[in-house]
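> all I have is the shape, not the residue letters:
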């Protein structure tokens, strides 16, 4: 996933990949959505859930009404799922997206909700 995004020749190619990655997140049921935290600050609805495992690592679930945000959420989940609190402390969303060459094309309103998720995981 990282290599494909980094090697994409244009923003349009990266955008297509992000949309495709978002298809990996299935729409939660209404009951599942009700069990997730609503993330404010994003243009579209975003839901997020933290599940702590017995080995002190975390698994996260996320969903958005917007296809591009779903893709970005899926990309983030690939990086943070299965990590412990100490490892999550060092996660930096801007650096990660810079590494993937996608930060410069994302609007502030799109990044706001994702930055809220970053803040949440750093409190674990």
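Perfect, thanks for sending it. All figures in this text were calculated on a predicted structure; none of them were measured in a lab. Residues are numbered from 1 along each chain as shown.
> how would you label residue 61: helix, strand or coil?
For residue 61, the assignment made with DSSP: H, G, I helix; E, B strand; the rest coil gives strand.
> let's have the chain start at 46 instead
Sure, I'll start counting at 46 from here, so that last one is residue 106.
> just to check, it is in contact with residue 93?
Yes. With contacts counted by Cβ atoms under 8 Å, residue 106 reaches residue 93, the gap being 7.3 Å. For every residue, glycine as well, the C-beta is placed using N, CA and C.
> the more surrounded of these two?
The residue with more neighbours, out of residue 106 and residue 93, is residue 93; 22 against 17, by other Cβ atoms under 10 Å.
> and the strands in the protein?
Secondary structure of the chain (DSSP state E): strands at 82-84, 91-97, 102-109, 128-129.
> to residue 53, which of those strands lies closest?
Nearest to residue 53, of all the strands of the chain, is strand 102-109, at 21.6 Å by Cβ to Cβ.
> ok, and what's touching that closest one?
Residues outside strand 102-109 that contact it (Cβ atoms under 8 Å, 6 or more residues apart in numbering): 70, 72-73, 77-78, 81, 87, 89-98, 115, 118-119, 121-122, 125-130, 133, 158, 162, 166, 169.
> try 7 Å
The contact list for strand 102-109 (Cβ atoms under 7 Å, 6 or more residues apart in numbering) reads 70, 72-73, 81, 89-98, 115, 118, 122, 125-129, 133, 169.
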